[in-house]
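Asks: Model the structure of this input:
(one chain, ligands or ions: 1)
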Amino acid sequence: MAPKIALVTGASRGLGKDMALNLAKKGLDVILTYNTNKIEAEKVVSEIVQMKRKAVALQVDMANIKSLDSFIGQIASALKSNWNADKFDFLINNAGTGATIPISQVTEEAFDNLLNIHYKGVYFLTHKAIPIINDHGGVIFISSGTTVFVFLVILFILQ
Ligand SMILES: NC(=O)c1ccc[n+]([C@@H]2O[C@H](COP(=O)([O-])OP(=O)(O)OC[C@H]3O[C@@H](n4cnc5c(N)ncnc54)[C@H](OP(=O)(O)O)[C@@H]3O)[C@@H](O)[C@H]2O)c1
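Replies: Below is the predicted model:
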């Protein structure tokens, strides 16, 4: 059976890197993405290849929604040249930034960036990737425990 292929965004470091390595340990091949840290992303690829799994690193800036069509094209090319495949199996939407900026210092650009990376980009990457995800594949969205806390606060206020 052909190995399953997972695409992990933001896997040059942090949680994404950890997920990419652990998926490879479990026998999956990995397409991982980076934004600025190409060298670190290539190191993750090397670690996965040492585990006798296939991996490639692609660049994407999730804040740049207009680049997502070309990114999907890069995924399709990588699938064809590395796996002779048209589709992959799992999309893990992980890329993100943890920057917190005091409200008095937030610019409109920083605000748009945050929403594009964590919301609009994730939505449209998933939307555009669905046609190249195999049946019985999956999409995972990495969020934050803080969202549960906010939800509980809203419930408390509404009581
Ligand atoms: N760590 C936590 O405690 C925590 C808590 C709650 C939620 N989260 C969420 O979990 C996810 C991973 O967190 P992390 O702590 O592992 O983050 P991290 O170590 O800061 O790594 C972030 C990853 O996302 C990539 N990235 C950043 N901006 C990007 C952009 N504009 N476009 C595409 N990729 C971009 C980075 O790529 P480059 O390095 O190549 O630039 C890097 O690979 C994030 O979505 C974060 O919001 C984390």
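Asks: Return the distance of the most far-flung residue of the chain relative to its centre relative to residue 50.
Replies: Most distant from the centre of the chain: residue 159, at 36.8 Å, with distances by Cα atoms, centre = their mean. Distance of residue 159 to residue 50, computed by Cβ to Cβ, to the nearest Å: 54 Å. Placement of C-beta: from N, CA and C, glycine included.
Asks: same question, residue 20
Replies: 13 Å.
Asks: Pick out whichever of the two has more residues nearby.
Replies: Under the neighbour definition other Cβ atoms under 10 Å, residue 20 and residue 50 were set side by side, and residue 20 has more, 31 against 9.
Asks: Isn't residue 65 up against residue 116?
Replies: Yes: using Cβ atoms under 8 Å, residue 65 is in contact with residue 116, at 6.0 Å.
Asks: For the two, work out which one has more neighbours and name it.
Replies: residue 116 (18 against 15).
Asks: got the CA positions of the helix or strand harbouring residue 149 in CSV?
Replies: In this structure, residue 149 is located in helix 145-158 according to DSSP states H and E. Extracted in CSV, the C-alpha atoms of helix 145-158 (Å, rounded to 0.1, in the frame of the first residue of the first chain):
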residue,chain,number,x,y,z
GLY,A,145,-6.7,26.2,24.8
THR,A,146,-7.5,29.9,25.3
THR,A,147,-10.4,29.5,22.9
VAL,A,148,-12.1,27.1,25.4
PHE,A,149,-11.5,29.7,28.1
VAL,A,150,-13.0,32.5,26.1
PHE,A,151,-16.0,30.2,25.3
LEU,A,152,-16.5,29.5,29.0
VAL,A,153,-16.3,33.3,29.8
ILE,A,154,-19.0,34.0,27.1
LEU,A,155,-21.2,31.3,28.6
PHE,A,156,-20.7,32.7,32.1
ILE,A,157,-21.7,36.2,30.8
LEU,A,158,-24.8,35.0,29.0
